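K.L.:
Structure of the sequence below:
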Amino acid sequence: MHSLGNSYCTQFRLTYNRNDIDKSIDFYTKAINLTHQGHPYRAGQIASLGQSYCSRFIQYGELSDIEKAIELQKQGLKIATPNDPSIHGWLYNLGISYKSRFTRLCDLKDANEAIEHLTQSIGYMPKDHPNKPASLTLLGDVYQSRFDHGGNLADINLAIEYQTRAVVSIPGGDIQSFFRLGRLGSSYMSRFKWFGAEEDIQKAIELLAKALALKPSNLEDMDLLVSLGNTYSLRFEYLGQLSDVDEAINHLIQAETLASERHIAMSDILTSLGNTYFRRFIRLRRSEDIDKALEYQVRALGLQSQHYAGEGLILNNLGTIHTERFRCSKKQVDANNALECLTKAISFISEDHPAMPGVLHSLANLYISRLQLDPTLEGIDTAINYQTQAVALTPEGHAQLPNFTNSLGLLYHYRYEKQGKLEDIDQAIHWQARSVMLTPNEHARVPIWLMALGNSFYIRSFNERDYVSFSSAIECYRKCAQHSTLFPEMQLEAAIKWANCVSDPNVPVPEDWCLEAYQTAMDLVPHVVWLGTKIGKRYTDAQKIKDLASNAAAVAIRAAKYDLALEWLEEGRSVIWNQILQLRDPFDDLVAIDPLIAENLHRVAKELYNNGSTLEMHSDPLKDFGAQEKAIQNHHRLAENYQALVAAARKLPGLQGFLRHAKASTLAGVARSGPLVVLNVSRFRCDALVIRPSTDQITHVALPELSLNTVNSARNAIVQSLRRNHVRDRGMKPRPKAEDENKDTFEDVLVMLWKCVAKPVLDALGYMPNTEELPRITWCATGALSFLPIHASGYYDRPDAKLSDYAVSSYTPTLSILLSAMSSSSELPHGILAVGQESTPRATPLPGTKKELENIKRYINEPLVYSQLEGHDATSHSVLSEMENHGWVHFACHAHQNAYNPIKSGFLLHKDTLYLEQIARVSFQNKGLAFLSACQTATGDQELPDESVHLASGMLMAGYSSVIATMWSIIDEDAPLIADEVYARVLEGGRMNTGGSARALHHAVCRLREKVGDKSFTRWVPYIHMGI
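P.N.:
Numbering: from 1, shown residues only. Next up, the predicted model:
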């Protein structure tokens, strides 16, 4: 019977089949019942039965099993003779049982019992006993567990000592060497968690990675994967390297696949996965990551069957996640969920449990989040009490202490804001300064502490008129922004606050301080709007840099640094489009010097270019999660490789400026067909920077009558006027005549633009009205000004008092896109593709499109090629394919501007939509004119005015050098007239004259204006030209 019990027990260790361990217990029990009292085998039989109960507990977690195991093992030892050769093994197994119960119940008595019995076991063993390494390892494990509970440094040092002895004593080639190395690595990880010494986390990863490499392929590696995953996750929190958190997720997902849902370790694995996804969310702010974090913690909680400390820890994790969701969503339900979880958590954890300070901190942190949303909230004294307890319960030297002291400082800061007591802000500064002092400078959280301390110094300086505190605030913001460990969003916020402090005209600081602050902020832009995320996420992130470039340029202009102002405007605007352009660069300069780096960079850039939007386009929640995670991580690595390859290229001779933003001298080269005027609007000042042809000098024109408020008010007035006129889509009939107030709105805005913008620039250029051939001006506007029709500015009841009397107007979203367009070959495919949709499902009919296309076709003469796609033939696939084969394209159809996801704007075709993101992914070569005779094709996103997220800029970025588009929707009957007048000129003489499209549109709009009247603004004003 006993032998059968042994056999089933051995089989269970291989199969983990519940039936095997149950039969083992059954046969051991029968063997004991058949063995009389006093028999020499009885002690061993009882010990074996206890060991099986312990094994079943470890696998399935039923508390009654471990209670039974300890009872039996103690009974067996009691009847054993002192000289029994197996006694060291029985003591070892009893030590395992006590350790297992300690892991579940966190009763220190169990840890002490385990240490006592394991020490006795080792004492019974000869020096060279083969089981000694295992006993030393387990004894080290118990010391590690007791350290994790109580934080006694002596315990973790003993753990490392015993486990090191175990590793050293293993003979070469021992199959268990990987396990011993793994346990030693885990102890180093535990010591790092408490004390934060970087050498400990590096040693832990080194040992765990070596253990995993040494593990025989036929043995399970779940525990090693969990330990290595947790260690990578911790190192990410310390150093902030994204590859570490991705590696952590990989190892933990592998561990999850190895554990069954009923495995006792599954809850810990899921908890670790939840914590790791949450850490990645804090860095990248991907909503999918916080959703996964919540999902894993909920699953982990579901596997906790009784109210043990482990359940309290998971509830604390859930409370923390719900708190962060509340910060993002501002929804009260998230705050309520957080409070419910944390209240339960604190009831499950004893006061002396090492997790108690963390739960108290989480409760206080929840209050901080609620206070940020509602400053009138009561209860701040309770929150301070919670956080004070958390600090008091945390021993000196603990790695979490700086986190707790910083939060205590935040609470005092908020109470100062509510109650105005000077001692509170002084307490805030005291605790936050302590956080900075306690944390190694290379730690990833140092920028967070510096930011909080800077905020406290700043509010003290503001309210108490304290210049010393003001200087301290600037220093904190500077150190945060320039910290070597990248925490980009936090650092950008610090850089902007630093810049705001030193840019205040009432603060007597050198101009160089202001320029340094803004340069630091500009340098952070590519890290905030990071290539390693999908395009949709980058557009969300771009909102964080709104107005940055304009404010930076204003400060540079104030310092008469016009070149720098121009360069900053290029760097900080149309960031995503510029990233796309860079990825399409042929890298010719690099190919000539280092073809290998160029080849690798081209491959990586191509993958990034393709992946940036495929992550957006093909995100399927039902798709295999592992494949999604792999794609996300692959995109991260591609972005990192791209940055590393670019950095390597810049170290080569003559390539220091490789793929850097163009210098002002290069940008000035775009002014070929006429002056280029960059209009900057900021809260500091408004200016024009004028670049004339054949010179790299920049002329500054101050615009003192223009202000940010004026521009915003004008933009809002135009929007409201268009809404009152029901200008939403290309329509069949002329709209009802606008009320006088609507005409007055347009007139007021156009007059303001004339007086404040156009006239000062024309005066600086020395232009006169009605010359034989009007000069051409290309306007590049910033912010809300980019929504306003500068080309139509003027008085329409006075002679020679409107811009169109003096110049032909074009627009460009950036100067870089003009550089790209001019670098294209002048040899274009001799063909025009016309796309028409007279009838589109769920949209008004457009009978004018038929006439519009007929007007184009009658100007086609050999050798020009003309193709036409209408009705069901015009699909997104067919149109994109034919665009490749034609030099020009004309769209006569409905279009859609998506305000919530700008790259989902597109042209409405027969049964589908040709989206902006699809166009952006295509890299057309040597394209000429794109005529977008649809609504809103040059309407950007009001939340991202400087990103030029509209169909017109999309066509420029896709490779078209010239675009005719509309600022808002047009009348269907007007489109054929405009098309007829434009194509009569650009196709004159059988040539495709792309460069003449701006003048052709100017003439066409004049004809339309003559037909409908000057003051029918909504009809003729929307037509604009963009590009060269």
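
K.L.:
show me what contacts the spatially most central residue of the chain?
P.N.:
The chain has residue 284 as the residue nearest its centroid, 3.2 Å off, counting by C-alpha atoms, centre = their mean. Applying C-beta atoms under 8 Å, 6 or more residues apart in numbering, we find residue 284 in contact with 242, 533, 537. Just so you know, the C-beta spots here come from the backbone N, C-alpha and C atoms, and that holds for glycine as well.

K.L.:
and which of those is nearest to residue 643?
P.N.:
Within the contacts of residue 284, proximity to residue 643 (C-beta to C-beta) peaks at residue 242, which comes in at 11.4 Å.

K.L.:
Any idea how many residues pack against that closest one?
P.N.:
19 (other C-beta atoms under 10 Å).

K.L.:
Surely it and residue 532 touch.
P.N.:
Yes - under the criterion of C-beta atoms under 8 Å, residue 242 makes contact with residue 532 at 7.4 Å.

K.L.:
Dump the C-alpha coordinates for the worst-scoring helix or strand of the chain on mean pLDDT into PDB.
P.N.:
Ranked by mean pLDDT, DSSP states H and E, the weakest helix or strand in the chain is helix 2-15, scoring a mean of 75. This file holds the C-alpha atoms of helix 2-15, laid out as PDB (Å, rounded to 0.1, in the frame of the first residue of the first chain):
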ATOM      1  CA  HIS A   2       2.800   2.400   1.000                       C
ATOM      2  CA  SER A   3       4.600   1.700  -2.300                       C
ATOM      3  CA  LEU A   4       1.400   2.400  -4.300                       C
ATOM      4  CA  GLY A   5       1.200   5.700  -2.400                       C
ATOM      5  CA  ASN A   6       4.800   6.500  -3.400                       C
ATOM      6  CA  SER A   7       4.000   5.700  -7.000                       C
ATOM      7  CA  TYR A   8       1.000   7.900  -7.200                       C
ATOM      8  CA  CYS A   9       2.800  10.700  -5.400                       C
ATOM      9  CA  THR A  10       5.700  10.500  -8.000                       C
ATOM     10  CA  GLN A  11       3.200  10.400 -10.800                       C
ATOM     11  CA  PHE A  12       1.500  13.500  -9.500                       C
ATOM     12  CA  ARG A  13       4.700  15.500  -9.600                       C
ATOM     13  CA  LEU A  14       4.800  14.700 -13.300                       C
ATOM     14  CA  THR A  15       1.100  15.100 -14.300                       C
END
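
K.L.:
Run a quick neighbour tally on residue 881.
P.N.:
With other C-beta under 10 Å as criterion, residue 881 counts 12.

K.L.:
Show the model's pLDDT score for it.
P.N.:
We have a pLDDT of 92 for residue 881.

K.L.:
residue contacts, it?
P.N.:
Contacts of residue 881 (C-beta under 8 Å, 6+ apart): none.

K.L.:
a strand runs through it, doesn't it?
P.N.:
No - counting by DSSP: H, G, I helix; E, B strand; the rest coil, residue 881 falls outside a strand, being helix.

K.L.:
Show me the shaky parts of the stretch 151-300 of the chain.
P.N.:
Judged by pLDDT under 70, the stretch 151-300 of the chain has its weakly predicted residues at 171-175, 261-264.

K.L.:
residues of stretch 853-866 that come out buried?
P.N.:
By neighbour count on 16 or more other C-beta atoms under 10 Å, the buried set for stretch 853-866 is 853, 855-856, 859, 864, 866.

K.L.:
residues in contact with that stretch?
P.N.:
Contacts of stretch 853-866 (C-beta under 8 Å, 6+ apart): 829-832, 834, 836, 868, 870, 886, 890, 892, 976, 979-980, 983-984, 987, 990, 992.

K.L.:
Endpoints of stretch 229-247, how far apart?
P.N.:
Start-to-end span of stretch 229-247 (C-alpha to C-alpha, to the nearest Å) is 7 Å.

K.L.:
please renumber so the chain begins at 14
P.N.:
Right, with 14 as the first residue, what we last looked at is stretch 242-260.

K.L.:
Would you pull up how far it lies from the middle of the chain?
P.N.:
Using C-alpha atoms, centre = their mean, to the nearest Å, the mean C-alpha position of stretch 242-260 is found 16 Å from that of the whole chain.

K.L.:
next one: stretch 192-206
P.N.:
The answer for stretch 192-206 is 32 Å, by C-alpha atoms, centre = their mean.

K.L.:
Alpha carbons only: can I get that stretch in PDB?
P.N.:
Extracted C-alpha coordinates of stretch 192-206, given in PDB (Å, rounded to 0.1, in the frame of the first residue of the first chain):
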ATOM      1  CA  PHE A 192      16.600  26.200  -9.700                       C
ATOM      2  CA  ARG A 193      19.200  27.300  -7.100                       C
ATOM      3  CA  LEU A 194      20.300  30.200  -9.300                       C
ATOM      4  CA  GLY A 195      16.700  31.200  -9.700                       C
ATOM      5  CA  ARG A 196      16.000  31.300  -6.000                       C
ATOM      6  CA  LEU A 197      19.200  33.400  -5.400                       C
ATOM      7  CA  GLY A 198      18.100  35.800  -8.100                       C
ATOM      8  CA  SER A 199      14.700  36.100  -6.400                       C
ATOM      9  CA  SER A 200      16.300  37.100  -3.100                       C
ATOM     10  CA  TYR A 201      18.300  39.800  -4.800                       C
ATOM     11  CA  MET A 202      15.000  41.000  -6.300                       C
ATOM     12  CA  SER A 203      13.400  41.100  -2.800                       C
ATOM     13  CA  ARG A 204      16.300  43.100  -1.400                       C
ATOM     14  CA  PHE A 205      16.000  45.600  -4.300                       C
ATOM     15  CA  LYS A 206      12.300  46.000  -3.700                       C
END
